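Colleague: Please find the sequence and the predicted model below.
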Amino acid sequence: MGAGRGQRAVVLVIGLLLLATACGSDDGDTERAETTTSAPTTTVAEGLPEVEDIEAVGGQAIEALPFADWVTVAGDSAWVANGQLIRVDPATGEELAEIDVAPTSIFLAVGEGGVWTLGADTAEVTHVDPVTDTVVATIPVGDGTVSGGDIAVGGGYVWARVSDSLVAQIDPATDQVVARFGPPAGSGSVAADDDAVWISAHDVDTVWRLPLG
(Lines give C-alpha, C1' and ligand atoms only; values in the text may rest on other atoms or scores of the structure.)
Protein backbone atom coordinates (compact mmCIF):
# COMPACT_ATOMS: atom_id res chain seq x y z
CA MET A 1 0.00 0.00 0.00
CA GLY A 2 2.82 2.45 0.90
CA ALA A 3 4.55 1.80 -2.39
CA GLY A 4 1.29 2.47 -4.27
CA ARG A 5 0.75 5.76 -2.53
CA GLY A 6 4.34 6.77 -3.32
CA GLN A 7 3.92 6.01 -7.00
CA ARG A 8 0.68 8.00 -7.14
CA ALA A 9 2.42 10.95 -5.44
CA VAL A 10 5.23 10.87 -7.99
CA VAL A 11 2.74 10.80 -10.86
CA LEU A 12 0.84 13.73 -9.31
CA VAL A 13 4.01 15.79 -8.94
CA ILE A 14 5.04 15.09 -12.54
CA GLY A 15 1.56 16.07 -13.75
CA LEU A 16 1.69 19.35 -11.85
CA LEU A 17 5.13 20.11 -13.28
CA LEU A 18 3.90 19.44 -16.82
CA LEU A 19 0.86 21.65 -16.26
CA ALA A 20 3.01 24.49 -14.92
CA THR A 21 5.34 24.19 -17.92
CA ALA A 22 2.43 24.30 -20.36
CA CYS A 23 0.95 27.38 -18.67
CA GLY A 24 4.31 29.11 -18.74
CA SER A 25 4.67 28.30 -22.45
CA ASP A 26 1.18 29.73 -23.15
CA ASP A 27 2.04 32.92 -21.28
CA GLY A 28 5.21 33.29 -23.31
CA ASP A 29 3.32 32.74 -26.56
CA THR A 30 0.70 35.29 -25.51
CA GLU A 31 3.38 37.84 -24.68
CA ARG A 32 5.09 37.22 -28.00
CA ALA A 33 1.76 37.51 -29.83
CA GLU A 34 1.00 40.77 -28.06
CA THR A 35 4.43 42.05 -28.99
CA THR A 36 4.08 41.19 -32.68
CA THR A 37 0.55 42.59 -33.06
CA SER A 38 1.11 45.91 -31.34
CA ALA A 39 0.07 49.00 -33.32
CA PRO A 40 2.81 50.52 -35.50
CA THR A 41 4.23 53.83 -34.49
CA THR A 42 3.85 56.83 -36.80
CA THR A 43 6.94 58.96 -37.23
CA VAL A 44 6.81 62.58 -38.34
CA ALA A 45 9.83 64.10 -40.06
CA GLU A 46 11.63 66.39 -37.66
CA GLY A 47 11.06 70.08 -38.26
CA LEU A 48 7.75 69.79 -40.17
CA PRO A 49 4.84 71.90 -38.86
CA GLU A 50 1.76 70.24 -37.46
CA VAL A 51 -1.07 69.53 -39.91
CA GLU A 52 -3.86 72.09 -39.58
CA ASP A 53 -7.45 71.47 -40.62
CA ILE A 54 -7.95 73.58 -43.73
CA GLU A 55 -11.49 74.62 -42.80
CA ALA A 56 -10.44 75.57 -39.26
CA VAL A 57 -8.14 78.25 -40.69
CA GLY A 58 -10.71 79.73 -43.08
CA GLY A 59 -10.61 77.25 -45.96
CA GLN A 60 -13.86 76.38 -47.68
CA ALA A 61 -14.95 72.97 -48.95
CA ILE A 62 -16.92 73.07 -52.21
CA GLU A 63 -18.49 69.65 -52.10
CA ALA A 64 -20.73 69.86 -55.17
CA LEU A 65 -17.83 69.10 -57.54
CA PRO A 66 -17.58 65.31 -57.88
CA PHE A 67 -14.39 63.89 -59.40
CA ALA A 68 -12.75 67.32 -59.40
CA ASP A 69 -9.28 67.04 -60.93
CA TRP A 70 -7.46 69.96 -62.62
CA VAL A 71 -8.02 73.41 -61.11
CA THR A 72 -6.65 76.83 -62.01
CA VAL A 73 -7.43 80.44 -61.15
CA ALA A 74 -7.50 83.14 -63.83
CA GLY A 75 -8.98 86.61 -63.63
CA ASP A 76 -12.13 86.67 -61.54
CA SER A 77 -12.83 82.93 -61.69
CA ALA A 78 -11.59 79.54 -60.62
CA TRP A 79 -11.95 76.79 -63.21
CA VAL A 80 -12.32 73.12 -62.33
CA ALA A 81 -12.16 70.22 -64.78
CA ASN A 82 -13.99 67.10 -63.63
CA GLY A 83 -15.04 65.58 -66.94
CA GLN A 84 -16.95 68.81 -67.49
CA LEU A 85 -15.78 72.39 -67.01
CA ILE A 86 -17.00 74.19 -63.90
CA ARG A 87 -16.64 77.94 -63.30
CA VAL A 88 -16.50 78.95 -59.63
CA ASP A 89 -16.61 82.34 -57.90
CA PRO A 90 -13.34 82.31 -55.92
CA ALA A 91 -14.73 84.70 -53.30
CA THR A 92 -17.85 82.74 -52.42
CA GLY A 93 -17.27 79.24 -53.80
CA GLU A 94 -20.52 79.54 -55.73
CA GLU A 95 -20.76 77.57 -58.98
CA LEU A 96 -21.27 80.11 -61.76
CA ALA A 97 -21.44 77.85 -64.81
CA GLU A 98 -21.19 74.23 -65.92
CA ILE A 99 -20.04 73.80 -69.48
CA ASP A 100 -20.23 70.63 -71.56
CA VAL A 101 -16.83 69.87 -73.04
CA ALA A 102 -15.21 66.80 -74.60
CA PRO A 103 -15.78 63.63 -72.52
CA THR A 104 -13.34 62.91 -69.65
CA SER A 105 -11.83 66.39 -69.86
CA ILE A 106 -9.57 66.60 -66.82
CA PHE A 107 -6.64 68.57 -68.29
CA LEU A 108 -7.07 72.33 -68.19
CA ALA A 109 -5.31 75.56 -69.15
CA VAL A 110 -6.30 79.23 -69.43
CA GLY A 111 -4.82 81.82 -71.75
CA GLU A 112 -4.85 83.31 -75.27
CA GLY A 113 -8.41 84.52 -74.71
CA GLY A 114 -9.83 81.12 -73.84
CA VAL A 115 -10.20 78.24 -71.44
CA TRP A 116 -8.90 74.98 -72.91
CA THR A 117 -9.62 71.40 -71.85
CA LEU A 118 -8.25 68.13 -73.20
CA GLY A 119 -10.58 65.12 -73.27
CA ALA A 120 -8.74 61.83 -72.82
CA ASP A 121 -11.37 59.51 -74.31
CA THR A 122 -11.69 61.35 -77.61
CA ALA A 123 -8.33 63.15 -77.95
CA GLU A 124 -10.14 66.45 -78.40
CA VAL A 125 -9.41 69.93 -77.11
CA THR A 126 -12.40 72.12 -76.25
CA HIS A 127 -12.04 75.91 -76.58
CA VAL A 128 -14.37 77.78 -74.22
CA ASP A 129 -15.05 81.51 -74.32
CA PRO A 130 -14.69 82.78 -70.71
CA VAL A 131 -16.87 85.81 -71.44
CA THR A 132 -19.95 83.87 -72.53
CA ASP A 133 -19.21 80.44 -70.97
CA THR A 134 -19.88 78.79 -74.33
CA VAL A 135 -17.93 76.33 -76.44
CA VAL A 136 -16.20 78.02 -79.36
CA ALA A 137 -14.68 74.92 -80.97
CA THR A 138 -13.90 71.25 -80.45
CA ILE A 139 -10.50 70.42 -81.95
CA PRO A 140 -9.26 66.87 -82.72
CA VAL A 141 -5.62 66.63 -81.63
CA GLY A 142 -4.88 62.91 -81.93
CA ASP A 143 -5.95 59.54 -83.22
CA GLY A 144 -7.84 57.51 -80.62
CA THR A 145 -7.41 58.32 -76.95
CA VAL A 146 -4.93 60.17 -74.77
CA SER A 147 -3.21 58.36 -71.93
CA GLY A 148 -1.74 60.64 -69.29
CA GLY A 149 -1.96 63.86 -71.31
CA ASP A 150 -1.66 67.55 -70.44
CA ILE A 151 -2.37 70.98 -71.93
CA ALA A 152 -0.61 74.32 -71.70
CA VAL A 153 -0.70 77.82 -73.18
CA GLY A 154 2.44 79.76 -74.14
CA GLY A 155 4.25 81.48 -76.98
CA GLY A 156 0.96 82.45 -78.61
CA TYR A 157 -0.26 78.86 -78.97
CA VAL A 158 -2.04 76.07 -77.14
CA TRP A 159 -0.08 72.84 -76.65
CA ALA A 160 -1.77 69.47 -76.12
CA ARG A 161 0.34 66.59 -74.78
CA VAL A 162 -1.08 63.57 -76.60
CA SER A 163 -0.29 59.89 -77.16
CA ASP A 164 0.09 59.40 -80.92
CA SER A 165 2.72 62.15 -80.98
CA LEU A 166 4.48 64.14 -78.29
CA VAL A 167 2.56 67.39 -78.63
CA ALA A 168 0.01 69.07 -80.90
CA GLN A 169 0.31 72.82 -81.54
CA ILE A 170 -2.99 74.72 -81.84
CA ASP A 171 -3.44 78.22 -83.24
CA PRO A 172 -5.98 79.84 -80.86
CA ALA A 173 -7.06 82.31 -83.54
CA THR A 174 -8.22 79.61 -85.95
CA ASP A 175 -8.73 76.64 -83.58
CA GLN A 176 -6.67 74.49 -85.94
CA VAL A 177 -3.77 72.14 -85.24
CA VAL A 178 -0.90 73.73 -87.14
CA ALA A 179 1.87 71.28 -86.24
CA ARG A 180 2.55 68.02 -84.43
CA PHE A 181 5.88 66.92 -83.02
CA GLY A 182 7.13 63.43 -82.17
CA PRO A 183 8.13 60.76 -81.65
CA PRO A 184 5.23 59.26 -79.68
CA ALA A 185 6.56 58.48 -76.22
CA GLY A 186 3.87 57.39 -73.80
CA SER A 187 2.48 59.81 -71.24
CA GLY A 188 3.89 62.99 -69.74
CA SER A 189 3.30 66.71 -69.36
CA VAL A 190 3.82 69.97 -71.25
CA ALA A 191 4.70 73.54 -70.25
CA ALA A 192 5.34 76.59 -72.41
CA ASP A 193 6.43 80.22 -72.30
CA ASP A 194 7.44 82.73 -74.97
CA ASP A 195 10.81 81.08 -75.49
CA ALA A 196 10.20 77.34 -75.58
CA VAL A 197 7.89 74.40 -75.06
CA TRP A 198 8.94 71.68 -72.62
CA ILE A 199 7.58 68.15 -73.04
CA SER A 200 8.21 65.26 -70.67
CA ALA A 201 7.85 61.52 -71.24
CA HIS A 202 8.39 59.53 -68.06
CA ASP A 203 8.02 56.20 -69.90
CA VAL A 204 11.32 56.88 -71.67
CA ASP A 205 12.97 59.09 -69.01
CA THR A 206 13.25 62.07 -71.35
CA VAL A 207 12.40 65.79 -71.46
CA TRP A 208 12.44 67.72 -74.72
CA ARG A 209 12.85 71.48 -75.19
CA LEU A 210 11.32 72.91 -78.37
CA PRO A 211 12.52 76.48 -79.02
CA LEU A 212 10.02 79.04 -80.29
CA GLY A 213 10.68 81.90 -82.66
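Modeller: Yep, that arrived.

Colleague: mind showing which ranges of this protein have poor pLDDT?
Modeller: 1-44, 63-65 (pLDDT under 70).

Colleague: How is it divided into domains?
Modeller: 1-43, 70-211 (automatic domain parsing).

Colleague: For the spatially most central residue of the chain, give me its contacts.
Modeller: Nearest to the geometric centre of the chain sits residue 69, at 7.6 Å (CA atoms, centre = their mean). Counting by CB atoms under 8 Å, 6 or more residues apart in numbering, residue 69 makes contact with 80, 81, 82, 106. For glycine as for every other residue, the C-beta is placed from the backbone atoms N, C-alpha and C.

Colleague: Tell me which stretches of this structure form helices.
Modeller: Remark: helices assigned in the chain by DSSP state H are 2-36.

Colleague: related to what we said a few turns ago, once you drop chain neighbours, what's closest to the residue nearest to the centre of the chain?
Modeller: residue 106 (4.0 Å; CB to CB, 6 or more residues apart in numbering).

Colleague: Among the contacts of residue 69, which one sits closest to residue 185?
Modeller: Top of the list for closeness to residue 185, among those and by CB to CB, is residue 106 at 20.5 Å.

Colleague: about what we covered before: ranking the domains of the chain by burial, who's on top?
Modeller: Mean neighbour count (mean count of other CB atoms under 10 Å) peaks for domain 70-211 among the domains of the chain, with a mean of 18.

Colleague: Tell me the span between the first and last residue of that domain.
Modeller: End-to-end distance of domain 70-211 (CA to CA, to the nearest Å): 27 Å.
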